[in-house]
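[1] take this sequence and fold it.
(chains A and B, ligands or ions: 2)
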Amino acid sequence: MNLRRCYALAFKETLQIWRDPRSLAVALLMPLMQMGLLGYGVSLDIKHVPLCVYDQENSQESRAVVNRFVSSGWFSISHNLDSQSAIRNAMDRGECSAAIIVPVNFSRTLAVDGSAPVQAIFDATDVNTTNIALGYTQGVIASANAQIEAKWAAAHGITPSRVGQVDLEPSTWFNETLDSRNFIIPGVVAVILALVGAQLTSLTVSREWERGTMEQLISTPVTSLEVMLGKLAPYFVIGLVDAAFCLASSIFWFKVPFRGSFLTLFVTTALFSVVVLGIGYLISVRIRSQLGASQIALLVTMLPTTLLSGYTFPIDQMPAIIRAISYIVYPRYYVTILRSIFLKGSGLSNLWAPVLGLLTYAVIILWLASRAFRKRLD
Amino acid sequence: MTQEQTEPAVRARGVNKRFGSVQAVQDVDFTVSSGEIFGLVGPDGAGKTTIMRMLAGVLRPDTGDILVDRVDVASDPEQAKLHLSYMPQRFGLYEDLTVAENIFFYGELFAVPRDERIARSQELLEAAGLQAFRRRLAGQLSGGMKQKLGLVCALIHTPRVLLLDEPTTGVDPVSRRDFWAILYNLRESGVAIVLSTAYMDEAERCSRLALLHEGVIRHCDTPARLKQAMPGVLLAITSAHPRLLREALAGKPGILGILLMGDRVHVRVDDDLHRIPEMLELLAGQGVTQSDVTRTEPGIEDVFVALLGREEAV
Ligand SMILES: Nc1ncnc2c1ncn2[C@@H]1O[C@H](COP(=O)(O)OP(=O)(O)OP(=O)(O)O)[C@@H](O)[C@H]1O
Ligand SMILES: [Mg+2]
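    Ligands and ions are numbered 1, 2, ... in the order given. Okay, the predicted model is just below:
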């Protein structure tokens, strides 16, 4: 291997990226946009969810429940309605995305049975928002329950210590929403890095085939390994810059608590970048058209990252077979690592299993990639 | 020591290449010595590019061996690539890199020492008349300048064997002259050059020519000897109606071949003393006017079509 040739290739590739608006956009704008879109999509603090109220009883107790929704800050009442069909219409018109119905005998049931149902209806067109609103609703009800229970306990002469415990519940709830965001943002980072990394390198070899520069390149003494290293180097730097951007915005913008070390973060992120860049390169070597290569790269990165990395769907709720498959999907390791570093402050010693998984991946991919490129036309 | 005693710079022996049902190259044998310009001439699809690619080590022959600078290209292409340069038919440099950057890149790939690279690129750019365009993107050069840049990049590492696939197609006459001046210089310094061309005047400048047709080398010799090998005598007839003239003469006794050359018609006959009066009589009888009948020296184009049997009405 000749380092001079590697440098020359890396230099050439850098110039080409710099002069190609499409590469630059993928390299720098895509992470920005996706971080905004995906990050906000999952973690926007949904405040003032428009709420329709159909208070059939209109008693002091029922109004207390309704007020809890308003005072939580998460909801604001858009309409006070007086029929089921009015709720339906309001939802159809998009004037509210949640509704509560307090039944006519609410306070009496509560007094007699110690509990009473309140119906909540959600417009589930936007699943994400619905889930969050559902979480809020449960929180509001929980805090209402706590108070009712406290009252009830006082009335029945039960020791206040238990009441104190129950009272803590709302605060747990607030953390919980934050947790789900903290949980999701690292997944988003993994998705973006995989997507952008593989997109970038998927073009690098296919571009040479398409533009007709490959024939001359392979007539020189440059080796396959030199081509791979020289071409991957600049994208590796870009990948790290993108990673730094995504991770920094997770910490400083989305306020995900960061409890780990930057060194661990750097090492594991570098490893993950090598895997995704290698995958893109491998595709690029195989597919001689830029469009084809970039589409396959999209498929290969988007599908597993979004479905199996635990970014949208929690892995432990999936069927066993899919869970088994998820172990061979590379983003899963990185998502696990990121969450542990961010939320638990884990170091490399705690993370040896997923790091080993990534390392194995990196070695296999690079080995395949260095061999895949043949200096031949046929 | 004579040329015959030294091992030639390029030796192809029994080379075959097939693409599916197309036999692109068939039983090709030739040698090229250092200081020779060897021309591959043939119509579209004759197999010129396929041969070039096999010489360059980017395409593997089905059978046969190719030695370039005494290295077997099929078994050790990387070793062979150290001392050869290949300029593909399609422009192979980076259009989004400047002239200087392309030269730098290829110089580095061949590990040319820095000082040597600078001196050599200076010299080559000057010879190619590209000095003023060092900072221009290769994509913004004219066709002729692109080809000259290709040559500069191909020569930056001082190759012993230079492979040029139709290097001057679509190149203006001035650039072609620069191009050939560089090639002659290289020949003087002992580089073996293999080039394919569609231009007959260029073929004439080669040391030796291989006339290629459907993957087979039909004839291979110096341009002068190829001309001698052409049977018959060549007559040039100027006429206002060359097509009519051709029709009138086609298939008549003693006419070996007819080739339209603009307003002139090249007619190859077995014996000019007998045939000229016969022809004039025939043309007069058919009312075809002609102004002038002269014996003429065959160009390579005449040789080519005659030897490949591609003249009309033979
Ligand atoms: N990669 C390939 N796959 C299939 N057929 C091919 C391939 N390359 C060349 N051929 C066929 O082999 C034959 C020779 O092609 P080649 O390109 O060598 O001709 P050429 O003399 O260079 O022609 P041109 O003057 O058009 O450049 C043609 O029939 C061509 O269609
Ligand atoms: Mg060709």
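[2] which non-adjacent residue is nearest A:Phe69?
    Nearest in space to A:Phe69, with sequence neighbours left out and distances taken as CB to CB, 6 or more residues apart in numbering or on different chains, is A:Phe75 at 4.5 Å. Where you see a C-beta, it was placed from the backbone N, CA and C, and this is true even at glycine.
[3] contacting residues for that neighbour?
    A:Phe75 makes contact with A:48-51, A:69, A:98, A:136, A:140 under the criterion CB atoms under 8 Å, 6 or more residues apart in numbering or on different chains.
[4] which of those are buried, as a PyMOL select command?
    Buried members of the contacts of A:Phe75 can be picked out in PyMOL with the line below, counting by 16 or more other CB atoms under 10 Å in any protein chain shown:
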select buried, chain A and resi 49+50+51+69+98+136+140
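[5] ok, then the element right after the host helix or strand of A:Gly197?
    For A:Gly197, the host element (DSSP states H and E) is helix A:169-202. Downstream of helix A:169-202, the first helix or strand assigned by DSSP H and E is helix A:204-211.
[6] give me the contact list for that following helix.
    A:13, A:16, A:214, A:217, A:227, A:231, A:235, A:280-281, A:284-285, A:287-290, A:292-293, A:373, B:94-95.
[7] give the helix, strand or coil label for the closest residue to chain B within the stretch 1-150 of chain A.
    Closest to chain B within the stretch 1-150 of chain A is A:Ala8: 3.4 Å, counting by CB to the nearest CB. Secondary structure assignment for A:Ala8 (DSSP: H, G, I helix; E, B strand; the rest coil): helix.
[8] contacts only, for it.
    A:Ala8 is in contact with A:230, B:104-105, B:108-109, counting by CB under 8 Å, 6+ apart.
[9] that one - nearest residue in space that isn't next to it in sequence?
    Once flanking residues are discounted, A:Ala8 sits nearest to B:Glu108: 3.4 Å by CB to CB, 6+ apart.
[10] what does B:Gly262 give?
    Leaving aside its sequence neighbours, B:Gly262 sits nearest to B:Pro242 (CB to CB, 6+ apart; 7.7 Å).
[11] quick one: pLDDT of that neighbour?
    We have a pLDDT of 81 for B:Pro242.
[12] hang on, it packs against B:Leu259?
    No: in this structure, B:Pro242 is not within contact of B:Leu259 by CB atoms under 8 Å, at 10.2 Å.
[13] what about the residue of the stretch 201-314 of chain B found nearest chain A, how many neighbours?
    Proximity of the stretch 201-314 of chain B to chain A (CB to the nearest CB) peaks at B:Gly215, 16.1 Å away. Counted with other CB atoms under 10 Å in any protein chain shown, residues neighbouring B:Gly215 total 23.
[14] so who does B:Glu214 touch?
    Neighbour list for B:Glu214: B:23, B:26, B:45-47 [criterion: CB under 8 Å, 6+ apart].
[15] just the buried ones from those, in PyMOL syntax?
    A single PyMOL command selects the buried members of the contacts of B:Glu214 (16+ other CB under 10 Å):
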select buried, chain B and resi 23+46+47
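[16] relative to B:Thr197, which of the contacts of B:Glu214 is nearest.
    B:Ala46 (11.6 Å; CB to CB).
[17] my guess is that closest one is in a helix, correct?
    No: B:Ala46 is assigned coil when assessed by three-state DSSP, not a helix.
[18] what's the closest non-adjacent residue to it?
    B:Leu212 (4.3 Å).
[19] check the secondary structure at the one you found for me.
    Of the three states, B:Leu212 takes strand under three-state DSSP.
[20] hey, what's it bridged with?
    Taking DSSP bridges as the rule, B:Leu212 bridges to B:Ile217.
[21] could you pull up the mean pLDDT of the one helix or strand A:Ile325 maps to?
    Applying DSSP H and E as the criterion places A:Ile325 in helix A:320-326. Averaged across helix A:320-326, pLDDT comes to 75.
[22] I'd like the next helix or strand past that helix.
    Using DSSP H and E, the helix or strand that directly follows helix A:320-326 along the chain is helix A:330-339.
[23] how many residues are close by the residue of the stretch 251-378 of chain A found nearest ligand 2?
    Minimum separation of the stretch 251-378 of chain A from ligand 2 (CB to the ion) falls at A:Leu377, amounting to 12.8 Å. Here the count is done by other CB under 10 Å, and A:Leu377 has 17 residues near it.
[24] that one reaches B:Val58, doesn't it?
    Yes: the criterion here is CB under 8 Å, and A:Leu377 meets it with B:Val58 at 5.1 Å.
[25] list residues touching both of the two?
    The contact lists of A:Leu377 and B:Val58 share A:215, A:218, where a contact means CB under 8 Å, 6+ apart.
[26] buried subset of the contacts of helix A:204-211, written for PyMOL?
    Burial among the contacts of helix A:204-211 is assessed by 16+ other CB under 10 Å; the matching PyMOL selection reads:
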select buried, (chain A and resi 13+16+214+217+227+231+235+280+281+284+285+287+290+292+293+373) or (chain B and resi 94+95)
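[27] confirm for me that B:Leu308 is in contact with B:His213.
    Yes: at 5.1 Å, B:Leu308 counts as touching B:His213 under the criterion of CB under 8 Å.
[28] domains in chain B, by residue range?
    Annotated domains of chain B cover B:3-222, B:230-307 [automatic domain parsing].
[29] compare those domains and give me the one nearest ligand 2.
    domain B:3-222 (3.1 Å).
[30] so is the closest one next to ligand 2?
    Yes: residues of domain B:3-222 are located near ligand 2 by CB under 5 Å from the ion, namely B:48-49, B:89.
[31] just the residues you listed that are near chain A?
    When CB under 8 Å from any CB of the partner chain is applied, no member of these is adjacent to chain A.
[32] so which of the residues you listed is the most crowded?
    Sorting the residues of domain B:3-222 next to ligand 2 by how many neighbours each has (other CB under 10 Å) puts B:Lys48 first, at 27 neighbours.
[33] OK, contacts around the closest residue to that residue other than its chain neighbours?
    Taking CB to CB, 6+ apart, and ignoring the residues beside it in sequence, B:Lys48 has B:Ser196 as its nearest neighbour in space, at 3.8 Å. Shown in contact with B:Ser196 (CB under 8 Å, 6+ apart): B:39-42, B:48-49, B:51-52, B:89, B:164-166.
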